[in-house]
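A.B. asks: Kindly generate the corresponding structure for this input.
(one chain, ligands or ions: 1)
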Amino acid sequence: MKKQFIAGNWKMNLTMNDAKDLARRLCNEAVNSDAVDVGVFPAFVFLRDICEILHTSKVYVGAQNMYMEKSGAFTGEVSGAMLRDVGCTHVIIGHSERRTIFQETNAMINSKIKAALSCGLSPILCVGERQEERDAGKTSEVIGNQLTEGLAGLTSEQIKELTIAYEPVWAIGTGNTATPEQANEVHAFIRNILESKHGNDTAQCIRIQYGGSVNSKNANELLGQPEIDGALVGGASLDPKSFLDIVYEAVRLS
Ligand code: PGA
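C.D. replies: Below is the predicted model:
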């Protein structure tokens with residue numbers, strides 16, 4: 001069993017004070033267990049402060065997005081080097097909200113992953129199908145394309161730096177969590193694709209998180225699945241108790 005990776009995607013939520021309180025709470029708790037990796041992904045403007053609070057802990061801090069260019073006239077964007085500069089180690093790439101609201105394509109996501117890796121950030125690549133795609137029996141096709149195009153041109157060594165998050169779009173923020181069996185099945189499919197393209201060694205060392213309405217009640221069953229190596233948690237990561245309950249569930253299962 002791999003070490004589970006529990007990540008909190010704070011999205012466009014919290015005030016600066018609330019974000020700092022949440023980070024202090026995580027810092028003071030026993031999140032420093034070696035049994036589990038924990039990360040938080042605050043809004044850009046909070047990153048520096050949250051990195052300062054958490055730098056003595058083992059909690060990773062990452063951004064929810066980045067731009068693929070190094071610098072220049074890209075008003076409103078943030079580069080990977082800037083994220084490193086403030087202390088980030090990770091970055092979420094290709095979240096479904098970026099794909100749907102901000103029209104990010106697999107090609108853009110591929111460029112962002114390459115840019116992140118080139119400046120030493122570990123990307124979490126998000127993939128997932130929409131409800132109508134699942135209903136039309138296209139889950140494998142959609143996820144296969146997101147992976148193939150998203151990871152195009154990367155070496156196996158680079159791919160080993162990644163985490164993949166399977167986040168069915170219909171499960172995000174809806175309370176309609178995928179069943180543990182549904183999630184496990186897609187995770188196994190993702191690992192098979194990685195194995196066929198990059199070999200068993202690469203496929204086995206990549207962690208595949210599940211995301212989509214994970215909470216303290218369903219975490220045990222989801223994280224207990226053989227192919228699920230962690231969770232990308234949205235809503236439930238904003239409340240310290242519910243996020244920590246998920247973290248402790250992962251520790252218990254380790
Ligand atoms: P949720 O969000 O846990 O609120 O469903 C997950 C995500 O979007 O990463």
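A.B. asks: Now Leu26: closest residue in space that isn't a chain neighbour?
C.D. replies: Among residues not flanking Leu26 along the chain, Val59 sits closest, at 5.4 Å (Cβ to Cβ, 6 or more residues apart in numbering). From N, CA and C alone the C-beta is placed, and that goes for glycine too.
A.B. asks: That neighbour against Phe41, yeah?
C.D. replies: No. The pair Val59 / Phe41 is not scored as a contact, 11.1 Å apart, by Cβ atoms under 8 Å.
A.B. asks: Of these two, which one has the most company?
C.D. replies: Phe41 (27 against 22; other Cβ atoms under 10 Å).
A.B. asks: Now for the more buried one: which residues touch it?
C.D. replies: Going by Cβ atoms under 8 Å, 6 or more residues apart in numbering, Phe41 touches Ala7, Gly8, Asn9, Trp10, Val61, Gly62, Ala63, Gln64, His90, Ile92.
A.B. asks: for the ligand, what are the nearby residues on the stretch 1-150 of the chain?
C.D. replies: Residues of the stretch 1-150 of the chain lying close to the ligand by Cβ under 6 Å from any ligand atom are Asn9.
A.B. asks: returning to that earlier point: against Leu253, how distant is the residue nearest to Leu26?
C.D. replies: To Leu253, Val59 is 19 Å away according to Cβ to Cβ, to the nearest Å.
A.B. asks: cool, and Leu238?
C.D. replies: Per Cβ to Cβ, Leu238 is found 23 Å from Leu253.
A.B. asks: Tell me which of those two has more neighbours.
C.D. replies: Set side by side, Leu238 and Leu253 show more neighbours around Leu238, with 18 against 15, by other Cβ under 10 Å.
A.B. asks: Nearest residue to that one in space, ignoring adjacent ones along the chain?
C.D. replies: Of all residues not flanking Leu238 in the chain, Asn13 sits nearest, at 5.7 Å (Cβ to Cβ, 6+ apart).
A.B. asks: How about Leu117?
C.D. replies: Leaving aside its sequence neighbours, Leu117 sits nearest to Gln158 (Cβ to Cβ, 6+ apart; 5.4 Å).
A.B. asks: top helix in this protein by residue count?
C.D. replies: For the chain, the helix with the greatest residue count under DSSP state H is helix 180-205.
A.B. asks: Burial check on whatever residue of the stretch 151-254 of the chain ends up closest to the ligand, number of neighbours?
C.D. replies: Distance from the ligand to each residue of the stretch 151-254 of the chain (Cβ to the nearest ligand atom) is smallest for Gly234, at 2.2 Å. Neighbour count for Gly234, taken as other Cβ under 10 Å: 23.
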